[in-house]
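Asks: Here is a sequence with its predicted model. Questions after.
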Amino acid sequence: MSDTNVAAETKQTARELMIPKFSFRKHGGLVALLIILAFNIAVTPNFLQMQTLFVNISQVATIAIVAVGMSLVIATGGIDLSVGAVMAVAGALAPIIFQSSLGVEYPVAGLVLSVLIPVLVAALCGLFNGTLVCVLKVQPIIATLILFISGRGIAMVMTNGQLQTFNMPSFSLLGTGKLLGFPFQGWLALGIAAVVAWIVGKTLFGRYLLAIGGNEKSAHLAGAPVRKVKIAAYVICGSLSGIAGLIVVAINSASDAARIGNLMELDAIAAAVVGGAVLSGGRAPIFGAVLGAMIIQLVKYTLLANGVADEVALIAKSMIIVAAVYIQQSRKE
Amino acid sequence: MQFDSSTFDLRRLLGNSSSTQALGVWAALILLIVFALLRYDNFGSAYNIVSFLNYNSMFILIALGMCFVIMTGGIDLSVGSVAAFSSVIAAFLSEHGLEYALPGGILAGMVIGAINAFMIVAMRIPPFIATLASMLGAKGAALVISDAQTVSISWESNFTALGMGKLFDIIPWTILIVAVIAIIAWVVLEHTSLGRTVLAVGGGQEASQLMGLSVKRTTCIVYIFSGACAGLAGVFLASGFGAGQPLEGLGWELSAIASVVVGGTLLTGGMGSVPATIAGALLLGLLFNVLNFENGLGIISLSAHWQSVIRGAFLFVVILLQARMASKADLSLRRN
Amino acid sequence: MHSSLLKMHGINKAFGGVSALRGAELEIGQGEVHALIGQNGAGKSTLIKILTGVYRRDSGTVDFNGKASTISNPREAQSSGISTIYQELTLVPLRSVTENIVLGYEPRRIGGLIDWKEAHRRSQEILARFNIDIDVKAPLGTYSTAIQQLVAIARAVSLNAKLVIMDEPTSSLDDNEVAVLFSVVKSLKESGVSVLYVSHFLDELFKICDRVTIMRDGQTVKNVAIEDTSKLDLIANMLGRNADDIESAGMTEFAKGEAKTGDVILKTKNVATKRLLRKFDLKIHRGEIVGLGGLLGSGRTEAARAIFGVDELTQGEIHLAKGVPQPVTPKQAIAAGIGFLSEDRKSEGIIPDMSVRENLTLALLPNLSRFGHIDHAREKELVASFISALGIKTAHMDQPIRELSGGNQQKVLLARWLVTNPSLLILDEPTRGVDVGAKLEIQSIIRRYVDKGLAVLLISSEFEELVEGADRIVVLQDGISVSELKNPGITEDTLVRAIAHHHTPEQQAVPRQENAHV
């Protein structure tokens, strides 16, 4: 590297020093989204209807929420394969709580606890992952593999593998309610994304997160609390997965431990990567992840609405992941 | 570490990497066998032993392929889907006989292995993402060509001879084939240039490159080998269970990874052993065999759902052990 | 000159539009030890990597051994007789010494299987030529860096190389090991092998090299027999300056202000850690630069790490100002007013993808934020003031730091610590790998702050920098602080004498096995 690429000679004023660099990274994702939208408007029947919008919003919300958490973990240079399994655990827990004798007797307390406890348990799952990664120095893929394998098993054991249906309108609002005419979980996803984006961009935690992902040794020597920050990323990711699990259960008014969040880890990783996250860490484009979730969901919807089989959609999804990572990779070089 | 072929060394025979853990796996395996022999009447029966080995031959096979991949520092998450895919292919080819279905199934696995290798070597996609994608892709492909139904095999042809036939009516062919492959894999790893290159690549990719070793070629070979192993396992599946099963293979990659890790292979690559991997696979399989017997005794009753919980817990314990060893190894071995 | 073995002519190479080599030349004779020198970024590494097929040249010709070379990858380079020992160790630490020597060229038995017995024997034999007798079956990583380096050379020699390229081979060796290396180089030369020797240590060149090629800014500026040149001449050519100017400037930018010493900032007593440090005593006052002298591996960096709370103490105490507890993490050390500019800029310094601004304020962050929220206005203000105060050349403060030159990156890192307004700054090789201009600037910045009361603990493997910069030098040997020198009065000679004084020959003769367990 030489000084030639630096505007050297001229004296720089403080104002000039602050001009941020324009990022092309978000551009690609937006363009892709617009192309898919345009394609759908042209080809897919009944695409421009509120019903379509609502269906897609309610589907994309869970992906987006998990993808936001995944982005934080990926920003540390890690990965969380357990998100789908954690969703299943949280989703299996909620109906158990409000259908318990306590929940039936005190419906309000039951409702509150059936949201709080599953999210708390999900956070504990994140803590487990984070501890393995940061304290025991296990590779993230392997560390989160443990809950990936056994998490869904635990959910199955809790529900005895049975589908739990319920009639609990107040809980189902989480998945079916509307706010200002749009599905509630859409607002929730946006809200979560906004808060997390603020955290990443404006707070000490966010700056440390990116620094640690960018170069852990340097960050440690500069006083960053490496362990705490990384564990926190896994805990947040776990909690958000828990929330997503609750939403899925609320949408269906039923909890099926075998299916909640199945293959969600793939969607979330794909969304984060499509949105501009780099697997080696150091970057956490939160709204990029939301954008990525929208692209993933729209691709799925497009294929489905045009009569392409589910199985082919799987292949398409795998190609998106490969393409997104490939583009990231080649940009880096 | 001993490579000197003139002296007999137990550790070397059992797997020379992280010898303590390799020994631990063998000890655990033997203890569990002794325990089971004493506790269950039928455990030592020829029937149980043969069916146990027959069933687990698929998992040993996949673990072998995975072992080589992990020794290069990579990972192959696609093996389960690949097995499902090639079981479907083999089932379709079964009417033409084993001489078509067997190579066809293996070839199907190798093709996906080659695609993995291409993504990893040429497109520089991290192995875990590349094989995750091919896991989806292979599963999709299996479902598409089978119409998401199990594909029944031809019972007229000689296809079932592979999965159901036995040498001298005693030893299943599958076990024999796996044994031969395991021996070849062991010799290749310990005594050939290719094997040493696999370990060197895992121990330091850039260093290997600069030493003039062919990193790309080696990487390609291990993924294609892993694909071939998974493909053969798929053929076993179709031949032994009488159908191509597009929905099978879920979680097989995890069993395989667990077996490899239990066997003491370093997940970051550079160290590993074939015999210890097989011991790891046997240990995991045996655990469930013992659980079945325990259920049979009627003292406890564990539903099938517990399987994955136990598998996860087991992986957890092994990872804890390995993490402790790795932290020691870290100080003495790793310096950047 | 004897018949030439290698002739590189008119080599051009550009990376992404930035040219790294412009018509570079290199000619090496048969059995010649040829030095290649130049500042960082002069194009030495690029030229070597083109020769060994790591990079492809844009244009130019390479003749090797009388033929036009078609080498396109490291393996082809090896098989045509060019072996390289790179600066970073490029072996596989997890594998055995034997494997590292024979990998890719293993002796075979019938049937293509590796003959391990022969392989071990051969490895032992090659190492014996260097007077090294170790267990070749043990993983390479269990041996010291020096042994690893010699194993790399052993590998090159075993491949019947015609040309051995050594990139900074002595930078991690102690005196005795250097002597072993030199004898290896000489025996290579006697057997007709050519050596291309890249080094920053100019004195070495006069001991073993026949000719020297000097590069600057991607071009070859001089090719001369070593006896026809002088150290000063080499430096002048490397820098593109006049030899007389340099002599009068004398590189004394650290030059002492008045040696006034204030309160004690830091005192260590009997400090030991699990890494190399055994008994370290030190006292630093306000406004004072204390140097740490010693050979590589004497525990200098380890002492810094102990003070900064990176490594856990196994014995001893560290006393800071009254009421400040002994730091056990870098975070606490920073809070106690200590800064630590680490030796390895790339792996322990910069966060490459982050901006100059974010890199600069990283250590200050806790003071820049309230309830976890960063005060961005104040951050920008501070960064702007440091960019102009230290003369950091960057397009704007949000430019990623990886796009800056090495010297400017180092200035940002220096600013990272200065902005925290520390009372003690530990500088581990502050001017390593930066060009001469930046080096002088960095030294004068440090002096400026020291005059205002900053205490500095300076670690440098350049004795000149220590002798001229430090008020006192504490000499370390094998993790023990053995003596102390006071300026004025220290010369390089007195420092070397102090470093050599307590040496017991046994400690140095055989490179010791790293006792790094636990």
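Replies: Arrived safely, thanks for sending. Residues are numbered from 1 along each chain as shown, chains lettered A, B, ... in the order given.

Asks: Apart from its chain neighbours, what residue comes closest to C:Leu362?
Replies: A:Ala222 (4.2 Å; C-beta to C-beta, 6 or more residues apart in numbering or on different chains). For the C-beta atoms, the positions are set from N, CA and C on the backbone; glycine is no exception.

Asks: Would you agree the one you found is in contact with C:Ala333?
Replies: No - with contact defined as C-beta atoms under 8 Å, A:Ala222 does not reach C:Ala333; the gap is 10.8 Å.

Asks: Show me which of these two is the more surrounded one.
Replies: Neighbours were counted for A:Ala222 and for C:Ala333 using other C-beta atoms under 10 Å in any protein chain shown; A:Ala222 has more, 29 against 26.

Asks: quick one: the more buried one from C:Glu441, how far?
Replies: Distance of A:Ala222 to C:Glu441, given as C-beta to C-beta, to the nearest Å: 22 Å.

Asks: likewise C:Ala321?
Replies: 30 Å.

Asks: Quick check on these two: which one has the bigger neighbour count.
Replies: The residue with more neighbours, out of C:Ala321 and C:Glu441, is C:Glu441; 21 against 13, by other C-beta under 10 Å.

Asks: What residue in the stretch 51-200 of chain A comes nearest to chain B?
Replies: Here the stretch 51-200 of chain A gets closest to chain B at one residue, A:Ser150, 2.5 Å apart by C-beta to the nearest C-beta.

Asks: What is the burial count for that residue?
Replies: 26.

Asks: Was I right to think it contacts B:Ser308?
Replies: Yes - here A:Ser150 reaches B:Ser308: they are 5.6 Å apart, a contact under C-beta under 8 Å.

Asks: What's the mean pLDDT across the host helix or strand of the residue of the stretch 51-200 of chain A closest to chain B?
Replies: Here A:Ser150 sits within helix A:140-159, counting by DSSP states H and E. In this model, helix A:140-159 carries a mean pLDDT of 87.

Asks: is the helix or strand following that helix anywhere near chain B?
Replies: For helix A:140-159, the succeeding helix or strand toward the C-terminus, using DSSP H and E, is strand A:164-165. No - for strand A:164-165, no contact with chain B is found by C-beta under 8 Å from any C-beta of the partner chain; the gap never falls below 14.4 Å.

Asks: and strand A:164-165, which strands flank it?
Replies: Strand A:164-165 has the following strand partners under DSSP bridges: strand A:254-255 (antiparallel).

Asks: chain center to the strand it pairs with: distance?
Replies: 21 Å (C-alpha atoms, centre = their mean, to the nearest Å).

Asks: Need the residues that contact that strand.
Replies: Strand A:254-255 is contacted from outside by A:Gly91, A:Ala92, A:Ala94, A:Pro95, A:Thr159, A:Leu163, A:Gln164, A:Thr165, A:Phe166, A:Val249, using C-beta atoms under 8 Å, 6 or more residues apart in numbering or on different chains.

Asks: Mind pulling up the pLDDT for A:Gly242?
Replies: 95.

Asks: Three-state assignment for it, please.
Replies: helix (DSSP: H, G, I helix; E, B strand; the rest coil).

Asks: Quick check: nearest residue in space to it, chain neighbours excluded?
Replies: Per C-beta to C-beta, 6+ apart, closest to A:Gly242 is A:Ala122, 2.5 Å.

Asks: and what of C:Glu343?
Replies: Here the residue nearest C:Glu343, using C-beta to C-beta, 6+ apart, is C:Asp428, at 4.1 Å.

Asks: Could you look up the SS state of the closest residue to chain B within the stretch 201-350 of chain C?
Replies: Residue nearest to chain B within the stretch 201-350 of chain C (C-beta to the nearest C-beta): C:Ser347, separated by 6.8 Å. The local conformation at C:Ser347, judged by three-state DSSP, is helix.

Asks: where's the nearest residue to it once chain neighbours are set aside, which helix or strand?
Replies: Using C-beta to C-beta, 6+ apart and skipping the chain neighbours, the partner closest in space to C:Ser347 is A:Lys217 (5.9 Å). Using DSSP H and E, A:Lys217 sits within helix A:216-221.

Asks: neighbours around B:Asn289, how many?
Replies: 21.

Asks: and if you look at C:Gly323?
Replies: C:Gly323 has 5 nearby residues by other C-beta under 10 Å.

Asks: Look up phi and psi at A:Leu129.
Replies: In this structure residue A:129 is Asn, not Leu. For A:Asn129, the backbone dihedrals are phi -60, psi -50 (criterion: degrees, to the nearest 10).

Asks: show me the residues around it that make contact.
Replies: A:Asp80, A:Ser82, A:Pro140, A:Ala143, A:Thr144, A:Leu147, A:Tyr234, A:Cys237, A:Gly238 are the contacts of A:Asn129 under C-beta under 8 Å, 6+ apart.

Asks: How much space separates the residue nearest to it when sequence neighbours are not counted from A:Val60?
Replies: Using C-beta to C-beta, 6+ apart and skipping the chain neighbours, the partner closest in space to A:Asn129 is A:Tyr234 (4.5 Å). According to C-beta to C-beta, A:Tyr234 and A:Val60 sit 24 Å apart.

Asks: Of the two, which one has the most company?
Replies: It is A:Tyr234, of A:Tyr234 and A:Val60, that has more neighbours when counted by other C-beta under 10 Å, with 30 against 26.

Asks: That one belongs to a helix?
Replies: Yes - counting by three-state DSSP, A:Tyr234 is part of a helix.

Asks: re the thing from before, helices or strands up against the helix holding A:Lys217?
Replies: Helices and strands touching helix A:216-221, by 3 or more C-beta pairs under 8 Å, 6 or more residues apart in numbering or on different chains; DSSP states H and E, are helix A:204-214, helix A:226-252, helix C:345-348.

Asks: For these, give me CSV that also has distance to B:Pro172.
Replies: Output for these, formatted as CSV (distance: least, C-beta to C-beta, whole Å):
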stretch, distance to B:Pro172
helix A:204-214, 50
helix A:226-252, 43
helix C:345-348, 53
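
Asks: And those: which comes nearest C:Gln30?
Replies: helix C:345-348 (37.5 Å; C-beta to C-beta).

Asks: you'd agree A:Leu30 is up against A:Leu291?
Replies: Yes - applying C-beta under 8 Å, one finds A:Leu30 in contact with A:Leu291, separated by 6.8 Å.

Asks: Just want to know which of those two has more residues nearby.
Replies: Taking other C-beta under 10 Å, A:Leu30 and A:Leu291 do not tie; A:Leu291 has more neighbours (24 against 12).

Asks: returning to what we had before: quick one: buried ones out of the contacts of strand A:254-255?
Replies: Taking 16 or more other C-beta atoms under 10 Å in any protein chain shown as the criterion, what is buried in the contacts of strand A:254-255 is A:Gly91, A:Ala92, A:Ala94, A:Pro95, A:Thr159, A:Gln164, A:Phe166, A:Val249.

Asks: where do the helices sit along chain B?
Replies: Secondary structure of chain B (DSSP state H): helices at B:10-14, B:19-39, B:46-71, B:79-93, B:98-117, B:127-146, B:160-164, B:173-191, B:193-203, B:205-210, B:215-241, B:252-262, B:274-297, B:306-333.
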